[in-house]
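Novice: Need coordinates for the below:
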Amino acid sequence: MKKLFLITLLLTSILSKAEFITATLYFNDGSKKTGFAELVEIEDKNVKFRTEIKGKTEKIPSTDLSKIEFTDKNDNKYLSIRIKIWGMAFLKYKYFEDKVWLYQIQEKQGYRLLTSVQQTRFATGAKNSYTDFGATFFYYAKKNEDIAYHGFLQSAAGVAIHASRVKEIKLMVNEMFKGKCNLDQEIDKIKFDRKSGEDPFKVLEILVNSKCK
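Specialist: Below is the predicted model:
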């Protein structure tokens, strides 16, 4: 729970401020580069990178990278990976062709819990006045596969974006195992509690404890 709150709250804060923090970039060709970079959002096409904290900004194409390890001023660490996703677009689920950036929260016994934090800024109507709306998306992936499946999302305001979280998770499990594994009974037993911060981990435990392949 502590790690989930740490990631979602600090990522939201840092993304809104667009700070450069210590980062190691890992390239697809096996090379790496250490310096400073802004945290990435899910669909970022480029990574803003500097070799020195106040140096010249270089834009590195996301397609050249496999992952980024970030460390902030409080020594909190974040791992962002490039991965394809299955999720919703225009009210339909689909496989997206391009890889995106997701942050890894936990890896356990062959499964990964991943997240993305997206910030949207709206004008409030008053002069020079804005409000930020953030949504945290949770994804699940098999460790040996290059695809993450959308499980559910939670808004920063705590409102329900989708009508049925249980239905979403069941759809995710069905797609992940191509209909060969039914975990409906286990999912129905989940007692969701948004304030606890444990909900994403409850779903991960179901995957870990299952005999699905």
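Novice: What does the pLDDT read for residue 190?
Specialist: Each residue has a pLDDT score; the one for residue 190 is 89.
Novice: swap in the one 3 residues further on?
Specialist: In the prediction, the pLDDT value recorded for residue 193 is 79.
Novice: does it really touch residue 199, like I thought?
Specialist: Yes - Residue 193 lies in contact with residue 199 (CB atoms under 8 Å); the separation is 6.8 Å. C-beta here means a position set from N, CA and C on the backbone, and glycine is covered the same way.
Novice: Let me see the mean pLDDT of stretch 18-25.
Specialist: Computed over stretch 18-25, the mean pLDDT rounds to 92.
Novice: what's the spacing between it and its chain's center?
Specialist: Mean-position distance between stretch 18-25 and its chain equals 17 Å (CA atoms, centre = their mean, to the nearest Å).
Novice: And for stretch 68-86?
Specialist: Worked out by CA atoms, centre = their mean, stretch 68-86 lies 9 Å from the chain centre.
Novice: Please point out which parts of that stretch sit buried.
Specialist: By neighbour count, and taking 16 or more other CB atoms under 10 Å as the criterion, the buried residues in stretch 68-86 are 68-70, 72, 78, 80-83, 85-86.
Novice: From the neighbour counts alone, determine which of residue 193 and residue 199 ranks first.
Specialist: Neighbours of residue 193 and residue 199, each counted by other CB atoms under 10 Å, are more numerous for residue 199; the result is 22 against 10.
Novice: State the distance from the more buried one to residue 150.
Specialist: Relative to residue 150, residue 199 is positioned 14 Å away (CB to CB, to the nearest Å).
Novice: So what sits opposite the residue nearest the centre of the chain in the bridge?
Specialist: Averaging the C-alpha coordinates of the chain gives a centre point, and the residue nearest to it by CA atoms, centre = their mean is residue 115 (2.0 Å). Beta bridges link residue 115 to residue 103, residue 138, judged by DSSP bridges.
Novice: That one reaches residue 106, doesn't it?
Specialist: No - in this structure residue 115 lies outside contact range of residue 106 using CB under 8 Å: 10.0 Å.
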